[in-house]
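**Q** Fold the following.
(2 chains)
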Amino acid sequence: DVKVTQSSRYLVKRTGEKVFLECVQDMDHENMFWYRQDPGLGLRLIYFSYDVKMKEKGDIPEGYSVSREKKERFSLILESASTNQTSMYLCASTRQGLSDTEAFFGQGTRLTVV
Amino acid sequence: AQSVAQPEDQVNVAEGNPLTVKCTYSVSGNPYLFWYVQYPNRGLQFLLKYITGDNLVKGSYGFEAEFNKSQTSFHLKKPSALVSDSALYFCAVRGGLTGGGNKLTFGTGTQLKVEL
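**A** Predicted coordinates:
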């Protein structure tokens, strides 16, 4: 059974803290993505990575950074958490090629910044 | 820039009636289109995809979608709705290679409510 695993389901952090959200996939996928989901706004892409140590900004990268040191792991970093980063965060992965292109998602991390 | 529009925030339908959830897209090159479903407090689950070939694509749980290139649409359909189909539905488009990667862009989602 293929899997994308996010390290936490629920997380509460204080304003100004550095926050790490971890995502691991066991499908040997080249592409990995971080989205945030907010009511009425759908899924917005924060960053994605198409290879180890490679990354591209998505639509809303401000206040975030990412790290991909190994193919299976993609980390999202909030350098200094703020209350407007309270959201549901979803990690996904896909293959690079034209077949088997659907994305597999983790269960999500609901982050609350107080 | 690629984009997806889901014009309806919510769709209400009676059980047993056909349902349609609308999606239009904008992308350069050939579109790769997807539908996902999300149940409360869960991640997204893949329903179906269009890559190439027949314009009518069949997927999981009796859902299908029709690709229309001239209207840049990819509407999700089901002939007979079930109460258990009630969920949040997302349309997505994958663009071509960008710096070696494949950006995946989602719409804002449509809440489907099926009532008895």
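**Q** going forward, measure contacts between C-alpha atoms and count neighbours the same way
**A** Will do.
**Q** Averaged pLDDT, stretch B:16-30. What do you get?
**A** The average pLDDT for stretch B:16-30 rounds to 93.
**Q** And B:Asn102, how far from A:Met27?
**A** Separation of B:Asn102 from A:Met27 (Cα to Cα, to the nearest Å): 17 Å.
**Q** Would you mind listing what in chain B touches chain A?
**A** B:9, B:34, B:41-46, B:49, B:51, B:90, B:100-103, B:105-109 (Cα under 8 Å from any Cα of the partner chain).
**Q** For the residue positioned nearest the centre of chain A, list each beta-bridge partner.
**A** For chain A, the residue nearest the mean C-alpha position is A:Trp34 (2.7 Å; Cα atoms, centre = their mean). Beta-bridge pairing for A:Trp34 (DSSP bridges): A:Tyr47, A:Cys91.
**Q** can you pull the pLDDT of B:Gly100?
**A** 38.
**Q** C-terminal to whichever strand in chain B runs longest, what's the next element?
**A** Ordering each strand of chain B by length in residues (DSSP state E) puts strand B:87-98 first. Using DSSP states H and E, the helix or strand that follows strand B:87-98 towards the C-terminus is strand B:101-106.
**Q** Partner strands of that following strand and their direction?
**A** strand B:87-98 (antiparallel).
**Q** Could I get the pLDDT score of the residue in chain A that chain B sits nearest to?
**A** The nearest approach of chain A to chain B comes at A:Gly42, 3.6 Å away (Cα to the nearest Cα). Looking at A:Gly42, its pLDDT reads 90.
**Q** Check A:Gly108 too.
**A** We have a pLDDT of 93 for A:Gly108.
**Q** OK, contacts around the closest residue to it other than its chain neighbours?
**A** Spatial nearest neighbour of A:Gly108, chain neighbours left out: A:Leu90 (4.6 Å); criterion: Cα to Cα, 6 or more residues apart in numbering or on different chains. Contacts here follow Cα atoms under 8 Å, 6 or more residues apart in numbering or on different chains; on that basis A:Leu90 touches A:34-37, A:105-109, B:43.
**Q** now swap in B:Thr108 and tell me
**A** Residues near B:Thr108 by Cα under 8 Å, 6+ apart: A:40-43, B:5-6, B:9, B:90.
**Q** And the strands in chain A, which stretches?
**A** Secondary structure of chain A (DSSP E): strands at A:4-6, A:10-13, A:19-25, A:31-38, A:42-51, A:54-57, A:64-70, A:73-78, A:87-94, A:104-105, A:109-113.
**Q** which residues sit in contact with the nearest residue to A:Val24 once chain neighbours are set aside?
**A** What sits nearest to A:Val24 in space, not counting adjacent residues and going by Cα to Cα, 6+ apart, is A:Arg73, at 4.5 Å. Counting by Cα under 8 Å, 6+ apart, A:Arg73 touches A:22-25.
**Q** filter those residues to the buried ones?
**A** Neighbour-count burial (16 or more other Cα atoms under 10 Å in any protein chain shown) applied to the contacts of A:Arg73 gives A:22-25.
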